[in-house]
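J.: Provide a 3D model corresponding to the input given below.
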Amino acid sequence: WLVGWDPPPIPEPGQHGNRRADGQPGEWAFGSQSTFILPNPLFDEVLHPTLAPFIYMADRWTPDDLYSMGTYVWLPLWIDPKNASRVRVEWHDSWRLDN
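T.: Numbers count the residues shown, from 1 in each chain. This next block holds a predicted model:
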């Protein structure tokens, strides 16, 4: 049994900014399993404070087809500076590091 196929939500569904809207993939972690959290190289607290400081990097596999090709998910990720246990990942159909 591989738990990555049904990973726990990251972050928990229902938190502001993390709610799965109609048409979004997956109920759990946007249908993906996290692989890495990467610092956004374009983030700067002074010059670009609205950019996401981190990138949620994940992959997505089809459990019913062990030989299927995986796809990747990269989404903006914020960590609350006052409470690091509060994480926000926002779904975007398309996303760039600089917006």
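J.: just for this structure, where's the confidence low?
T.: Applying pLDDT under 70 to the chain picks out residues 1-28, 62-69.
J.: residue boundaries of the strands in it?
T.: Assignment of strands within the chain using DSSP state E yields the ranges 33-39, 54-60, 71-79, 87-89.
J.: Walk me through which strands the first one pairs with, and which way each runs.
T.: Which is strand 33-39. Here strand 33-39 is paired, per DSSP bridges, with strand 54-60 (antiparallel).
J.: what does the third one give?
T.: Within its sheet, strand 71-79 is paired with strand 54-60 (antiparallel), strand 87-89 (antiparallel), according to DSSP bridges.
J.: For it, list every residue counted as buried.
T.: By neighbour count on 16 or more other Cβ atoms under 10 Å, the buried set for strand 71-79 is 73-79. Using the backbone N, CA and C atoms, a C-beta is placed for each residue, glycine as well.
J.: Rebuild those residues as JSON lines, extending it with distance to V87.
T.: Listed next are the buried residues of strand 71-79 as JSON lines, based on distance: Cβ to Cβ, whole Å:
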{"residue": "V73", "distance to V87": "15"}
{"residue": "W74", "distance to V87": "15"}
{"residue": "L75", "distance to V87": "11"}
{"residue": "P76", "distance to V87": "11"}
{"residue": "L77", "distance to V87": "7"}
{"residue": "W78", "distance to V87": "7"}
{"residue": "I79", "distance to V87": "6"}
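J.: Which pair of the residues you listed spans the longest distance?
T.: Spanning the widest gap among the buried residues of strand 71-79 are V73 and I79, at 17.9 Å by Cβ to Cβ.
J.: how long is stretch 81-94 end to end?
T.: 26 Å (Cα to Cα, to the nearest Å).
J.: can you redo the strands paired with strand 71-79 as TSV with mean neighbour count?
T.: Formatted as TSV, the strands paired with strand 71-79 follow (neighbours: other Cβ atoms under 10 Å):
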stretch	mean neighbour count
strand 54-60	19
strand 87-89	20
